[in-house]
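Trainee: Provided below are the primary sequence and the corresponding predicted coordinates.
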Amino acid sequence: MKCRKCGATAAINMRQHKLALCEEHFLEWMPEQTQRFVEKYRMFAPEDKILVAVSGGKDSLSLWDILHRLGYHADGLYIGLGIDGRRSSSEEGIGYSDESRRLSEKFAAERGLTLHVVEVEATYGATIPELAVISHRGRDKPCAVCGLNKRYIMNRAAHDGGYNVLATGHNLDDEVAVLMQNTLNWASGYLVRQAPVLEANRPGLARKVKPLCRFYEREMAAYAIVRGIEYIYDECPHAVGSTTLYYKEILNQLEEKRPGAKLQFYLSFLQAKEQGLFALQADDAELHACEKCGQPTSAPGECSFCRLWDKVRAVKGARLPLPALPTIEISD
Ligand SMILES: [Zn+2]
Ligand SMILES: [Zn+2]
């Protein structure tokens, strides 16, 4: 297989694009494509202040790398979830969260980029796994409370830090797995909101963008490896056995027989939305400021984040340091 641009040995063959490229041209092609998607979906402009949510994984670190290469003003946000993942502390290596923080900090330091760190336990008083047990929400799978906390902290950090755009590293495989799940359930409320860009239509919320939403997972892995980015290979230990991973496997089988099937599923969905499918259901619930923290919420009184932490404090009681809720300490 030869590179289409220079004839050298190809490093990657992307069957869905009928395109094979050598390392050098693949490293050029990725930012070019990203820039195309940024413009096509009107994600952001050179003057925007972007906050990239980084997890230490290949997608978010590559996203940060690409935005930096394209010359955008992009800082990073790492959220420490306190997830260990080892069966006992005597097991080798360091825990999942510690390792992902180490790799995120290393990446930022090597490039002279600004990384904000918010540790959930130090800021609010419990780790995500503890929070899941205490709240009785997802005792086995803390993913629901984890998602709630990450969304809240990302919004808050973007707002407090003066960022108007929040970028996440969701790739095509992530988007298509969610799309399939939502389609099988005809979850129209979620389908309406699934898009490369979610506008900030309320004060206090940042515009959310997914610049990698058209790249396959294997393209992202290839980019990180060829570019020499050191990232955490493991999935979050709590994601093992999740529905999302199950749908990803099914979709990979589909892709195997029909190269391009995943991309087509996603692009046809975006096109159908553009043509007005789901448009009638696009009603955003009335938002108001949370009585406790001031963040926009559709829940009456306090937002679900504040209610969750109230419950945790009631259980953990005096053992919990009471954080000053309305401000997140952003440390560089
Ligand atoms: Zn080439
Ligand atoms: Zn609140």
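Mentor: Ah, there it is. Note that the structure is a prediction, hence the values are computed from the model and not measured. Ligands and ions are numbered 1, 2, ... in the order given.
Trainee: All the strands of the chain, residue numbers only.
Mentor: Remark: strands of the chain, listed N- to C-terminal, are 12-14, 19-21, 50-54, 74-80, 115-119, 165-167, 197-198, 207-209, 288-289, 296-297; assignment by DSSP state E.
Trainee: closest to ligand 1 out of those?
Mentor: In terms of Cβ to the ion, the element of the strands of the chain nearest to ligand 1 is strand 19-21, at 5.8 Å. Placement of C-beta: from N, CA and C, glycine included.
Trainee: Low-confidence regions, this protein specifically.
Mentor: Counting by pLDDT under 70, the chain contains low-confidence ranges at 87-91, 136-141, 204, 279-285, 317-332.
Trainee: which residues touch L198?
Mentor: 207-209 (Cβ atoms under 8 Å, 6 or more residues apart in numbering).
Trainee: swap in F305?
Mentor: Taking Cβ under 8 Å, 6+ apart as the contact definition, F305 lies against 148-149, 152, 290, 293, 295.
Trainee: Now tabulate those residues in CSV and tack on distance to G125 and neighbour count.
Mentor: CSV is the format used below for the contacts of F305 (distance: Cβ to Cβ, whole Å; neighbours: other Cβ atoms under 10 Å):
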residue, distance to G125, neighbour count
L148, 16, 18
N149, 12, 21
Y152, 15, 22
C290, 18, 22
C293, 15, 18
Q295, 18, 19
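Trainee: Which two among those are spaced furthest apart?
Mentor: N149 and C290 (14.6 Å; Cβ to Cβ).
Trainee: quick one, what contacts the residue lying closest to Q35 once chain neighbours are set aside?
Mentor: Of all residues beyond its chain neighbours, the one nearest Q35 is L70 (5.8 Å), with distances taken as Cβ to Cβ, 6 or more residues apart in numbering. Contacts of L70 were listed using Cβ under 8 Å, 6+ apart, and they are 31, 34-35, 38.
Trainee: Can you pull the residues of the chain lying near ligand 1?
Mentor: Taking Cβ under 5 Å from the ion as the criterion, the neighbours of ligand 1 within the chain are 3, 5-6, 8, 22, 25.
Trainee: which ones are touching the residue positioned nearest the centre of the chain?
Mentor: By Cα atoms, centre = their mean, the chain has its centre lying nearest to T168, at 3.9 Å. Taking Cβ under 8 Å, 6+ apart as the definition of contact, the neighbours of T168 are 52-53, 60, 63, 208-210.
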